[in-house]
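In: Show me how the following folds:
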Amino acid sequence: MGPFVRLEKVSKCYYNGSACAVFPLREISLELDHGERIILLGKSGSGKTTFLNLLGGVDLPTSGRIFFNDKELTGLPQKDLADYRRKEVGFIFQAFNLFPTLTVGENLMLPLDLLGVSNESRARDLLSAVGLEEHWNKFPEHLSGGEQQRVAIARALVKDPSLILADEPTGNLDQETSEAILRLIDQVCRGRNATLILVTHSPEALWLADRKFRLRSGKLLPDVQ
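Out: Numbers count the residues shown, from 1 in each chain. The predicted model follows:
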């Protein structure tokens with residue numbers, strides 16, 4: 001069996017008419033093992049979010065190939081890509097992206113509902129794991145930023161994904177809360193042997209990584225700091 005995730009000379013170009021106006025990723029090749037944790041650094045606009053969107057099946061590369069568990073994602077029909085996102089990928093965003101009209105419990109149940117699974121006990125267990133079991137019936141607006149991010153982490157994990165993509169998950173939080181969130185991400189990834197790719201501009205997250213990379217001028221470079 002090959003690497004869990006593999007990119008082969010992946011490039012992404014955004015066109016303005018017939019000309020390539022923005023070229024955030026240029027011939028990136030990378031192999032990740034199951035359970036490995038990667039930190040991706042880079043300045044704003046360096047292509048970090050584009051990189052996650054390609055791995056998450058949200059966007060497609062202009063050229064190159066992406067494999068997940070020996071299955072090629074590039075070229076899959078949209079329906080199959082949607083199935084991949086629903087079943088295999090857990091997204092954690094900087095902006096939390098909780099639905100404000102749904103309670104915490106309903107936000108956690110949503111990924112399971114999309115899979116046709118009714119497992120409230122699993123959702124409650126995960127909410128307890130992030131220390132918020134008493135907030136099941138509350139709405140997101142009644143939670144602090146750190147609490148909302150904990151709910152977002154629980155929601156990303158409720159379907160037991162094998163790949164977790166975290167895009168600046170502590171960007172809107174104070175230092176103490178950020179450290180707690182990073183410890184929580186570390187704990188849940190180790191507990192489930194999930195592969196993690198965490199995008200950040202903050203050096204405080206570097207301890208989490210098995211390997212560190214930096215995006216610069218479209219190239220993926222090993223970070224030696």
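
In: residues near the closest residue to R192 other than its chain neighbours, how many?
Out: Nearest residue to R192, sequence neighbours excluded (CB to CB, 6 or more residues apart in numbering): D160, at 6.6 Å. Quick note: C-beta positions are derived from backbone N, CA and C, even for glycine. Taking other CB atoms under 10 Å as the neighbour definition, D160 ends up with a count of 12.

In: The host helix or strand of N53 packs against which elements?
Out: When secondary structure is defined using DSSP states H and E, the element that contains N53 is helix 48-55. Applying 3 or more CB pairs under 8 Å, 6 or more residues apart in numbering; DSSP states H and E, one finds that helix 48-55 makes contact with strand 5-16, strand 19-32, strand 37-41, strand 163-167, strand 195-199.

In: Leaving out the residues flanking it, which one is nearest to the spatially most central residue of the chain?
Out: Geometric centre of the chain, nearest residue: L165, 1.4 Å, by CA atoms, centre = their mean. The spatially closest residue to L165, leaving aside those adjacent along the chain, is L52, at 4.7 Å (CB to CB, 6+ apart).

In: Counting neighbours, what do you get for A82?
Out: Neighbour count of A82, defined by other CB under 10 Å: 13.

In: That one and L165, how far apart?
Out: Distance from A82 to L165, counting by CB to CB, to the nearest Å: 16 Å.

In: cool, S44 as well?
Out: Taken as CB to CB, the spacing of S44 relative to L165 amounts to 18 Å.

In: Name the spans of the chain whose pLDDT lies under the cut-off.
Out: Counting by pLDDT under 70, the chain shows low-confidence ranges at 1, 224-225.

In: Which stretches in it count as helices?
Out: Ranges of helices within the chain are 48-55, 78-88, 104-114, 120-129, 145-157, 175-192, based on DSSP state H.

In: will you turn these into JSON lines that also has distance to F139?
Out: Supplementary listing: the helices of the chain in JSON lines, determined by distance: least, CB to CB, whole Å:
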{"stretch": "helix 48-55", "distance to F139": "28"}
{"stretch": "helix 78-88", "distance to F139": "25"}
{"stretch": "helix 104-114", "distance to F139": "7"}
{"stretch": "helix 120-129", "distance to F139": "14"}
{"stretch": "helix 145-157", "distance to F139": "10"}
{"stretch": "helix 175-192", "distance to F139": "20"}
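
In: So for P61, which of those helices sits nearest?
Out: Nearest to P61 among the helices of the chain is helix 48-55 (5.6 Å), distances taken as CB to CB.

In: the inter-axis angle of the closest one versus strand 37-41?
Out: With axes from the mean of the first three to the mean of the last three CA atoms, to 10 degrees as the criterion, the two stretches helix 48-55 and strand 37-41 enclose an angle of 140 degrees.

In: Residues in contact with helix 48-55: which ones?
Out: For helix 48-55, the surrounding residues in contact (CB atoms under 8 Å, 6 or more residues apart in numbering) are 5, 7, 10, 12, 24-25, 28, 40-42, 58-61, 66, 89, 163, 165, 167, 197, 199, 215, 220.

In: Could you turn the buried ones of those into a ChimeraX selection?
Out: Below is the selection syntax for ChimeraX that covers the buried ones among those, with 16 or more other CB atoms under 10 Å defining burial:
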select :5,7,10,12,24,25,28,40,41,42,60,61,66,89,163,165,167,197,199,215,220
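
In: hang on, the earlier thing: now the angle between strand 5-16 and the helix holding N53, please.
Out: Following the same axes, to 10 degrees, one obtains 120 degrees for the angle between helix 48-55 and strand 5-16.
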